[in-house]
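Trainee: Okay, here's the prediction I keep looking at, along with the sequence it came from:
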Protein chains: 2
Amino acid sequence: MIRHIVSFRLAARDAGVRAEQAAEAARRLNALNGVVPTLRAMSAGGNMLSPDVNWDLVLVADFDDEAGLNAYQVHPAHQEVAAYIGTIRADRVAVDVEV
Amino acid sequence: MIRHIVSFRLAARDAGVRAEQAAEAARRLNALNGVVPTLRAMSAGGNMLSPDVNWDLVLVADFDDEAGLNAYQVHPAHQEVAAYIGTIRADRVAVDVEV
């Protein structure tokens, strides 16, 4: 199983705006469960501690293999959420691990 | 439950060295299971895809609450691993979410 973990720093200067946007992005990401066939589990959330040091949003998504991750990346429903996140994010960091 | 997710970019220029160091750091982090009383679950791993884009190491650690996370941060066994990671890392990003 591959676990795809992506953290995002959002661009808005106001912490309240970042928190609202992170919650909306997490809602859209979590709604991909059952929509993208190769997505075994998605758990996304907005940051809740140390807002001055931590980044704002993280997703943890599981796939059977690399092909499943690649299919997710190009799936229209994922691309729609990725496009939204693209409008609010300033930075992105990903790590993919075997679990 | 609080999920503490931390990604690391390691400093070594050689990808092979980074992979070895990430595996060692993940081994030490996973060894904290059952050692730090407030740590409910730790899952750490080295990156295995897109090495030119992704960062090198990630940990996912669960705690009952913020106090549990704080107790982990100051626990000697965690501080020992954190000190090791401090010698090999170039960058660190954390996000703490409710699960």
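Mentor: Sure thing, it's come through.

Trainee: for residue A:59, what are its contacts?
Mentor: Shown in contact with residue A:59 (CB atoms under 8 Å, 6 or more residues apart in numbering or on different chains): A:4, A:5, A:6, A:26, A:29, A:42, A:43, A:44. Any C-beta I mention is one placed from the backbone N, CA and C, and that applies to glycine too.

Trainee: and the residue nearest the centre of chain A, what helix or strand is that in?
Mentor: Nearest residue to the geometric centre of chain A (CA atoms, centre = their mean): residue A:59, 3.7 Å. Using DSSP states H and E, residue A:59 sits in strand A:57-63.

Trainee: Now the element after that strand, going C-ward?
Mentor: With DSSP H and E, the next secondary element past strand A:57-63 is helix A:66-74.

Trainee: and for that following helix, what are the contacting residues?
Mentor: A:2, A:4, A:36, A:37, A:38, A:39, A:40, A:61, A:63, A:78, A:96, B:49.

Trainee: Name the residues of that helix that are buried.
Mentor: Across helix A:66-74, burial judged by 16 or more other CB atoms under 10 Å in any protein chain shown covers A:68, A:69, A:71, A:72.

Trainee: any idea of the angle the helix ranked longest in chain A forms with strand A:57-63?
Mentor: Counting by DSSP state H, the longest helix found in chain A is helix A:15-30. Helix A:15-30 runs at 10 degrees relative to strand A:57-63, counting by axes from the mean of the first three to the mean of the last three CA atoms, to 10 degrees.
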